[in-house]
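Engineer: starting from these lines, generate the structure:
(chains A and B)
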Amino acid sequence: MAFLNALPGAVAQGLIWGLVAIGIYISYKILDIADLSVDGSFATGACICVVAIANGVPVWLSIILSFLAGAVAGAVTGLLHTALGVPSILAGILTQLSLYSINLQLIMGGRSNFPFSSIPFYTGNTDFTPDSLLLRMSDKVASIIVPLLFVAAVIVLLWLFFYTEIGLTIKSTGDNPAMSKAQGVNINLNKVIGLAISNGIVALAGALLAQYQGFADVTMGTGAIVIGLAAIFIGLSVSLKIKPNFVVSLIGVVGGSIVYYVIFTVVMLLGLHTNYLKLLSAMIVAIFLAVPYLKKEYFSKRKHQRVSVAVESESEGGDADA
Amino acid sequence: MLKISGLEKTFNPGTVNAKTALAGLDLYLEDGDFVTVIGGNGAGKSTLLNAIAGVWKPDFGKIELDGLDITGMPEHKRAKFLGRVFQDPMMGTAPDMEIAENLAIAARRGTKRRFVWGIKKGERERYKELLATLELGLESRLTSKVGLLSGGQRQAVTLLMATLNRPKLLLLDEHTAALDPKTASKVLKLTDKIVSENKLTTLMITHNMHDAIAYGNRLIMMHEGRVVVDVSGEEKKKLTIEQLLQLFEQSSGSKFGSDKAILSK
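Structural biologist: Modelled structure (predicted):
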């Protein structure tokens, strides 16, 4: 019973984090960049959303602003990497760290936590009522329908985008940079565009989560990359077996995110403290990265043994394994 | 058409690993020249092609294509004029993308990528016809991921991609070296067919002296970052491997350094 009560919340959070996973899919799977700036841009999305609404900006517009702020953050990471030669992992970390200060001081005005309920108290904006938010934890139906609509819209838009001329070359940029350059593709520009879209979507998810949980917090993005990767690995482990195409992969990634939150809910109900969430996420990612590696190691050793037998009868067979 | 003057490139300058790959190389190609390039290991063959393609900037010298100075032009911009096939069959195609998508990207080489459909109606029909000319059965596999193809098939697709949008200059960097002999000869014949049908100006590096003599209208041999032998026309047609080795020894003052090149037929 407790599980059934907790299920809608798990699905709602799974859908919202599914958007994060989609964003990370673009950087990690398509561009082949482990972009750590998402930890910052997720919180940026949440902070911008609350502050914009507090200042009387309509809810829908505040979500667009969140997306744009995330896109700018992603573009900064991209430029640090491509124009200034900073290694991509470090570029992401630098952006993430900068965003912590920006979120805390520039956006939130020194507050580390900003609940929607305190808006009248801080700004004197008494027009605001929590009913105007797109989703709230207390409204179980809206908290599932709204993220679901956003997920569907994002998947459709990305699906269309990656079939355009620009979209195809962004895919090829990650898949084979040498080939892309030889075919006249500006891979630096494409990395910037891809990271901007990725972080924009992640910030959008931040805005939705802030509304869902009723507040923005400058630390709420910590470990977003790991949760997103966990969702990607869980999702792709199933969806790639069904059909390895783009849309099925994205749906799988969102499914992976929901499964992740359902598992998490069960583990919590079994008595694990919520503070262990991040440890659990890290373990899931480590396991999903380690298993294929160990399999390959084990498999290639056996293959090597077989080849070495063959080499005895054929003096130049050494190349066969290479 | 292609005019290279005084091209110099030293890798790791000022260190114990310093290696002068190009030492003041001059080369002039006429329109429609099909030049085979041969030379020992470290002679600077690949370095020359990479310099033309813009993988990095040369230390000194100038590269002009049809009167345009491309010496400092970024790689992706000069790609407009160049078709390239690499030694590594994995390098010329995007493995996780469909054959048609790879071709569509290549078909737009030199144009600005826009916010419109990446593959237009009718394009697939054209690709099917072009793939059929390869005679590898790829015309029915337009939506297959390129990563599923064999090395030879990928090299043939790369060749098609390099010439889909007629390049001013085709650069082939030992593009058959990684293939088995049968596939290599097939890809080489295909290359010859595409080059002669489209009258493409071509620079083809090969490690195989036999092929270097059999294909093209001009042969250059490189040694220590310079062109030391340059044979063309009737003289090239009558050339034998023994004569070529003799020419090399006369002009470079040393023995040709690659047994593989001499022995392979």
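Engineer: tally up the residues packed near residue 225, please.
Structural biologist: If you meant another chain, say so; for now it's chain A. 26 (other CB atoms under 10 Å in any protein chain shown). Backbone N, C-alpha and C define where each C-beta goes, glycine included.
Engineer: my bad, the chain I had in mind was chain B
Structural biologist: For B:G225, the neighbour count with other CB under 10 Å is 23.
Engineer: now B:K112
Structural biologist: The burial count for B:K112: 9, using other CB under 10 Å.
Engineer: which stretches in the stretch 151-265 of chain B count as strands?
Structural biologist: Under the criterion DSSP state E, counting those that start in this stretch, the stretch 151-265 of chain B contains strands at B:169-173, B:201-205, B:218-223, B:226-232.
Engineer: can you say which of the ones you listed is nearest to chain A?
Structural biologist: Chain A sits nearest to strand B:169-173 of all the strands of the stretch 151-265 of chain B, at 9.1 Å, using CB to the nearest CB.
Engineer: so is the closest one next to chain A?
Structural biologist: No. For strand B:169-173, no contact with chain A is found by CB under 8 Å from any CB of the partner chain; the gap never falls below 9.1 Å.
Engineer: mind listing what A:A52 touches?
Structural biologist: A:61-62, A:65-66 (CB atoms under 8 Å, 6 or more residues apart in numbering or on different chains).
Engineer: who in the stretch 1-150 of chain B is up against chain A?
Structural biologist: Within the stretch 1-150 of chain B, the positions near chain A by CB under 8 Å from any CB are B:53, B:75-77, B:79-80, B:82, B:84, B:86, B:91-97, B:101-102, B:104-106, B:108-111, B:113-119.
Engineer: average pLDDT for the helix or strand containing A:L94?
Structural biologist: In this assignment (DSSP states H and E), A:L94 forms part of helix A:88-101. Averaging pLDDT along helix A:88-101 yields 97.
Engineer: so how far is that helix off the chain centroid?
Structural biologist: Relative to the chain's own centre, helix A:88-101 is displaced by 15 Å; criterion: CA atoms, centre = their mean, to the nearest Å.
Engineer: what's it in contact with?
Structural biologist: A:33-41, A:43-44, A:73, A:76-78, A:80-81, A:86, A:218, A:221.
Engineer: report the buried members of those residues.
Structural biologist: Applying 16 or more other CB atoms under 10 Å in any protein chain shown to these, the neighbour count classes A:33, A:35-41, A:43-44, A:73, A:76-78, A:80-81, A:86, A:218, A:221 as buried.
Engineer: now do the buried residues in stretch A:214-226.
Structural biologist: Across stretch A:214-226, burial judged by 16+ other CB under 10 Å covers A:215-218, A:220-226.
Engineer: same check on stretch B:179-191?
Structural biologist: Applying 16+ other CB under 10 Å to stretch B:179-191 flags B:179, B:183-184, B:186-188, B:190-191 as buried.
Engineer: distance from the chain centre to that stretch, please.
Structural biologist: For stretch B:179-191, the distance from its own C-alpha centre to the chain's C-alpha centre is 14 Å (CA atoms, centre = their mean).
Engineer: stretch A:76-96 now?
Structural biologist: Per CA atoms, centre = their mean, the centroid offset for stretch A:76-96 relative to its chain is 17 Å.
Engineer: end to end on it, go ahead and measure it.
Structural biologist: The first residue of stretch A:76-96 is 10 Å away from its last residue (CA to CA, to the nearest Å).
Engineer: give me the contact list for stretch B:232-249.
Structural biologist: Residues from elsewhere that reach stretch B:232-249 (CB under 8 Å, 6+ apart): B:38, B:209-210, B:212-213, B:216-219, B:221, B:223, B:228-229, B:231, B:255-256, B:262.
Engineer: only whichever of those residues are buried, select them in PyMOL.
Structural biologist: Those of the contacts of stretch B:232-249 that count as buried under 16+ other CB under 10 Å are selected in PyMOL with:
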select buried, chain B and resi 38+209+212+213+216+217+218+219+221+223+228+229+231+256+262
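Engineer: can you tell me which residues contact B:G147?
Structural biologist: Neighbouring residues of B:G147 by CB under 8 Å, 6+ apart: B:95-96.
Engineer: that one should be in a helix, yeah?
Structural biologist: Yes. Under DSSP: H, G, I helix; E, B strand; the rest coil, B:G147 falls within a helix.
Engineer: what helices and strands are in contact with the strand or helix carrying A:I197?
Structural biologist: Assigned by DSSP H and E, A:I197 belongs to helix A:187-213. The contact analysis (3 or more CB pairs under 8 Å, 6 or more residues apart in numbering or on different chains; DSSP states H and E) places helix A:187-213 against helix A:2-24, helix A:38-54, helix A:59-82, helix A:140-161, helix A:165-175, helix A:177-182.
Engineer: deepest of those helices, which one?
Structural biologist: Highest mean neighbour count among the helices and strands packed on helix A:187-213 (mean count of other CB atoms under 10 Å in any protein chain shown): helix A:38-54, with a mean of 30.
Engineer: now do that helix: distance to the chain's middle.
Structural biologist: For helix A:38-54, the distance to the chain centre is 15 Å (CA atoms, centre = their mean).
Engineer: just the C-alpha atoms of it, please, in PDB.
Structural biologist: Output in PDB follows, covering the C-alpha atoms of helix A:38-54 (Å, rounded to 0.1, in the frame of the first residue of the first chain):
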ATOM      1  CA  VAL A  38      24.600  19.600 -16.200                       C
ATOM      2  CA  ASP A  39      24.900  19.500 -12.400                       C
ATOM      3  CA  GLY A  40      25.100  23.300 -12.600                       C
ATOM      4  CA  SER A  41      22.600  23.900 -15.300                       C
ATOM      5  CA  PHE A  42      20.000  21.700 -13.700                       C
ATOM      6  CA  ALA A  43      20.100  24.000 -10.600                       C
ATOM      7  CA  THR A  44      20.200  27.100 -12.800                       C
ATOM      8  CA  GLY A  45      17.000  26.000 -14.500                       C
ATOM      9  CA  ALA A  46      15.300  25.600 -11.100                       C
ATOM     10  CA  CYS A  47      16.600  28.900  -9.700                       C
ATOM     11  CA  ILE A  48      15.700  30.900 -12.800                       C
ATOM     12  CA  CYS A  49      12.200  29.500 -12.800                       C
ATOM     13  CA  VAL A  50      11.500  30.400  -9.100                       C
ATOM     14  CA  VAL A  51      13.100  33.900  -9.300                       C
ATOM     15  CA  ALA A  52      11.400  34.700 -12.600                       C
ATOM     16  CA  ILE A  53       8.000  33.600 -11.300                       C
ATOM     17  CA  ALA A  54       8.600  35.600  -8.100                       C
END
